[in-house]
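Student: below is the sequence, then the predicted model.
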Amino acid sequence: MTSAEAATPEAPTAAAAVFQMITGHYVSTAINTAARIELADAMNDEPTEHTVLAERTGTYPESLLRLLYLLASVGLVSDEGDNRFALTGTGRLLRKGGEDSLHAVALLHGGSGHIQRWFALHDVVHDAPKSVDVEPQGNPFAKMPPHVAAIFNGAMTFFTRHTAQAVLQAYDFTQFTTLADIGGGQGSLLAAILRSTPGLHGILFDLPSVVEASGNRTLDEAGVADRCEVVGGDFFTAVPAGADAYLLKNVIHDWDDERSRTLLTNIRQAMKPGSKVLLVETVRPDRFGTALTDRLAAYGHLGMLLNGGAERSRAEYAALFDSAGLAFSNVVPVRPAWTGVASTSVIEAVCA
């Protein structure tokens, strides 16, 4: 064996690789715990003893030490010896605040409520999606407790913020005069589009509780509040009329075909001649491999099963549009900065 070969990390056996997959929830739960105790915010680039970190985070030193060992094994902290640890560049993504923060994402996806929902997967696969407690009517997003809604909106803001610039690079919004962002949350995507398209006016539409909680803060910070109307309502009832384009980012995948058809039909009724519908969604491949784009689509598709929705293929989007009086017109691939691959798309439809 050469010295170069000796320095090469050993490749895991197939059994070891599968074992890591099986125990993947160990890592996600550990990351969620680190986010909950705000460990990354308590750390810096200088090696710090675990007892000091325990004091800063209000945790039990020996338990925190074991957590730090696992986080070191996946590269979020570095083990500097003598029970001293430093935050890595990757670990800094778990700090609160900042445009690259995954703190809210870790709280959402590693939280007990999210994991409990995944525990229902066996029942769904064995029986039917109806075995999951998904409300066929009403909007569960309207019933989130305030603290859960804050985490959810924070996580969605991360994904939106890091998708916005990619959407702007991929799609030309200068063709429109008024853009309505349906289910636009706190307005991160719409604010970015308005900031980059000076002649454009916007309508931010979401549940009253969402728009009341966020107010015009995001729009104000982007300097576009004077060009945007904020409207509260339920898109299963009606949406604002007369926009040139209706934008929905990761909204349709939350719902089954029946609810999605209702939403798109409401938009169709609000559209004027020449208006467009723009869905920012994952387009599910017809065949799955091991590429990152395929894995992300598979994660989303199975996860949406547990929530009553689905990631759809190009043909399925075309059929859904047709059922709502719309016509599929184009798919524009989008490469979000946070994935580095073309993991989402702008799916365009017009009046049929």
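Tutor: Here it is on my side, so go on.
Student: domain map for the protein?
Tutor: Taking automatic domain parsing as the criterion, the chain consists of the domains 3-105, 120-351.
Student: give me the nearest residue to Gly309, chain neighbours excluded.
Tutor: Distance criterion Cβ to Cβ, 6 or more residues apart in numbering; nearest residue to Gly309, sequence neighbours excluded, is Asp254 at 4.5 Å. Every C-beta, even on glycine, is put in place using the N, C-alpha and C of the backbone.
Student: let me see the contact set for that neighbour.
Tutor: Residues in contact with Asp254 (Cβ atoms under 8 Å, 6 or more residues apart in numbering) are 304, 307-309.
Student: rewinding a little: ranking the domains of the chain by burial, who's on top?
Tutor: domain 120-351 (a mean of 18; mean count of other Cβ atoms under 10 Å).
Student: check the offset of that one from the chain's centre.
Tutor: Using Cα atoms, centre = their mean, to the nearest Å, the mean C-alpha position of domain 120-351 is found 11 Å from that of the whole chain.
Student: helix, strand or coil for Ser78?
Tutor: strand (DSSP: H, G, I helix; E, B strand; the rest coil).
Student: excluding its backbone neighbours, what's nearest it?
Tutor: Counting by Cβ to Cβ, 6+ apart, Ser78 lies nearest to Ala86, which is 5.0 Å off, once chain neighbours are set aside.
Student: same check, this time on Tyr69
Tutor: In space, Tyr69 is closest to Asp79, 7.1 Å off (Cβ to Cβ, 6+ apart).
Student: quick check: bridge partners of the one you found?
Tutor: Taking DSSP bridges as the rule, Asp79 bridges to Phe85.
Student: just to revisit the earlier point, dump the contacts of Asp254 to TSV, plus secondary structure and distance to Tyr171.
Tutor: Rendered in TSV, the data for those read as follows (DSSP: H, G, I helix; E, B strand; the rest coil; distance: Cβ to Cβ, whole Å):
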residue	secondary structure	distance to Tyr171
Met304	helix	24
Asn307	coil	27
Gly308	coil	28
Gly309	coil	23
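Student: farthest-separated two in those residues?
Tutor: Within those, Met304 and Gly308 form the most distant pair, 7.6 Å apart (Cβ to Cβ).
Student: end-to-end on stretch 329-344?
Tutor: Distances were taken as Cα to Cα, to the nearest Å; on that basis the terminal residues of stretch 329-344 are 17 Å apart.
Student: now tell me what touches that stretch from outside.
Tutor: Residues external to stretch 329-344 that are found in contact with it (Cβ under 8 Å, 6+ apart): 158-159, 162-163, 165-167, 170-171, 276, 280-283, 291-293, 296-297, 314, 345-350.
Student: where are the low-confidence patches of this structure?
Tutor: Counting by pLDDT under 70, the ranges of the chain that qualify are 1-9, 112, 128-149, 153, 214-215.
Student: kindly list the longest helix within it.
Tutor: Across the chain, the helix with the greatest residue count (assigned by DSSP state H) is helix 146-170.
Student: show me what it is packed against.
Tutor: Contacting helix 146-170 under the criterion 3 or more Cβ pairs under 8 Å, 6 or more residues apart in numbering; DSSP states H and E are the following elements: helix 103-109, helix 188-196, helix 208-214, strand 326-334, strand 344-351.
Student: pairing partners for the last one, with directions?
Tutor: Looking at strand 344-351 with DSSP bridges, its partner strands are strand 276-281 (antiparallel), strand 326-334 (antiparallel).
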